[in-house]
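Chemist: using only what follows, build the 3D model:
(chains A, B and C)
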Amino acid sequence: MLDSVTHSTFLPNTSFCDPLMSWTDLFSNEEYYPTFEHQTACDSYWTSVHPEYWTKRHVWEWLQFCCDQYKLDANCISFCHFNISGLQLCSMTQEEFIEAAGICGEYLYFILQNIRSQGYSFFNDAEETKTTIKDYADSSCLKTSGIKSQDCHSRTSLQSSHLWEFVRDLLLSPEENCGILEWEDREQGIFRVVKSEALAKMWGQRKKNDRMTYEKLSRALRYYYKTGILERVDRRLVYKFGKNAHGWQEDKL
DNA sequence: TACCTCTTTCCTGTTT
DNA sequence: AAAACAGGAAAGAGGT
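Modeler: This next block holds a predicted model:
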């Protein structure tokens, strides 16, 4: 299964590998940006490319998919270990996966090997795939409950499905942003919604809801004023992160 | 099952 | 006039 990989394992340079690094950190760190050359938000999704040819972004998309689909706890994943290309990912041994993601690493390794051997037909039947994963878990004496809270390295969850986190992560990911959102005042956390309907469409895609509109999305955003996640800015399409929002500050990334 | 949070949906009225 | 804002109300989804 691994024969096709001819490159030796080369994990990222651990000299700048912060064990507390989150996914948001990873993609907002200027040191990492140059590695995304030629990539745009319009590049193909990971499922349309063979794992050996995945870009770093594809690897990220795959990780996010695994966390969402199999309810893996992203807190267990040391993201800096996955700031790598598909070729590098395919070169990782099971032990290295475990080192990078604890018990989740074992699942990720299993899923990756299945994609490599079976292609994306592995995902054709979601229920069947889940059963396969479950069988694997059972045979490995792994329990779902055991995936949580062990070997946790990161402080940000990839599973975050809250709207404000989605907005925050979009602001921090220029590759995905496509000019939909932009900072008005980075230090104060003030941002502008540039393409309101595009934002709604993207949020709708995330929630698998093709009826999402900016009007409905903005209603949800207004609820955040109550909880201090957002603060009111008296300008159209302009919002500000409140005291209860976290993870957006430049100096705290 | 009950309860909770976070939306989603719909609405009326207001502001830009 | 159109788009966006402001919130109330109720329903839905997912988690515990």
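Chemist: report the contact partners of the closest residue to A:Lys195 other than its chain neighbours.
Modeler: Computed as CB to CB, 6 or more residues apart in numbering, the closest residue to A:Lys195 that is not its neighbour in sequence is A:Ile180, at 4.6 Å. All C-beta spots, glycine's among them, are computed from the backbone N, C-alpha and C. The contact partners of A:Ile180, taken as CB atoms under 8 Å, 6 or more residues apart in numbering, are A:170, A:193-195, A:198-199, A:202.
Chemist: which one of the residues you listed is nearest to A:Arg57?
Modeler: A:Leu170 (14.2 Å; CB to CB).
Chemist: over to the closest one. Which of the three states is it?
Modeler: Applying DSSP: H, G, I helix; E, B strand; the rest coil to A:Leu170 yields a three-state assignment of helix.
Chemist: what's the burial count for the closest residue to A:Arg186 other than its chain neighbours?
Modeler: Of all residues beyond its chain neighbours, the one nearest A:Arg186 is A:Glu250 (6.2 Å), with distances taken as CB to CB, 6+ apart. Residues near A:Glu250, counting by other CB atoms under 10 Å, number 11.
Chemist: surely A:Leu108 is in contact with A:Ala101?
Modeler: Yes: counting by CB atoms under 8 Å, A:Leu108 touches A:Ala101, with 5.8 Å between them.
Chemist: between those two, who's got more neighbours?
Modeler: Looking at A:Leu108 and A:Ala101 with other CB under 10 Å, you find the greater number of neighbours at A:Ala101, namely 28 against 24.
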